[in-house]
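**Student:** Sequence and computational prediction follow.
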Amino acid sequence: MVVDALRAVGHNVYDFRNPPKRTGFAWSQIDSNWLDWTAKDYREALASPIAQEGFAADFDGMAQAEACVLVLPCGRSAHLEAGYMAGEGKPVYILTRDGEEPELMALLCTKVCVSLAEIIDAIDAIGAAS
């Protein structure tokens, strides 16, 4: 929904679930029993060609992005990516809604938005400022 809405108003959006050069990454692509992995299995899986390809695609998406939209609720990777983007000095916007658990480290981000309209306005403002 957020990806489609931003694209509808003319923004180029990287969608980690449907990246341009491959299908989205899932641990099950490496091993259908991934939920039973040990910590060592997990560490070894990070070195697999499938994980490396998925990481490279997502990292390239972050490198090319002008901003990050963290749509809550989301997974751990999204939070790491948002932290990376904030550390790179890129704007990070959080889209939250009623019922989401508050997070103090949201203060690292540019703005906490409570509607899709606020996200669109924030992203539009980046282009206007350029």
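**Tutor:** Structure's in. What do you need?
**Student:** helices and strands around the helix ranked longest in the chain, which ones?
**Tutor:** In the chain, taking DSSP state H as the definition, the longest helix is helix 49-64. Helix 49-64 sits against helix 76-87, with contacts defined as 3 or more CB pairs under 8 Å, 6 or more residues apart in numbering; DSSP states H and E. (Glycine included, C-beta is placed from N, CA and C.)
**Student:** residues making contact with the helix it packs on?
**Tutor:** Helix 76-87 is contacted by residues 16, 58, 62, 65, 67-68, 70-71, 91-92, 94, 108-109 when judged by CB atoms under 8 Å, 6 or more residues apart in numbering.
**Student:** Report the buried members of the residues you listed.
**Tutor:** Buried subset of those (neighbour count, 16 or more other CB atoms under 10 Å): 16, 58, 62, 65, 67, 68, 70, 71, 91, 92, 94, 109.
**Student:** Just list the residues touching the second one, thanks.
**Tutor:** In other words, residue 58. Taking CB under 8 Å, 6+ apart, we find residue 58 in contact with 16, 19, 25, 77, 81.
**Student:** Of the residues you listed, which is the most crowded?
**Tutor:** Using other CB atoms under 10 Å as the neighbour test, the contacts of residue 58 are led by residue 81, with 21 neighbours.
**Student:** mind checking pLDDT for the residue nearest to the spatial centre of the chain?
**Tutor:** The chain has residue 78 as the residue nearest its centroid, 4.2 Å off, counting by CA atoms, centre = their mean. What the model reports as pLDDT for residue 78 is 93.
**Student:** picking up where we left off before, please state the offset of the longest helix of the chain from the chain centre?
**Tutor:** The chain centroid and the centroid of helix 49-64 are separated by 12 Å under CA atoms, centre = their mean, to the nearest Å.
**Student:** packing partners for the helix or strand following it?
**Tutor:** Scanning forward in sequence from helix 49-64 by DSSP states H and E, the next helix or strand is strand 68-71. When contacts are defined as 3+ CB pairs under 8 Å, 6+ apart, strand 68-71 packs onto helix 2-8, helix 76-87, strand 92-95.
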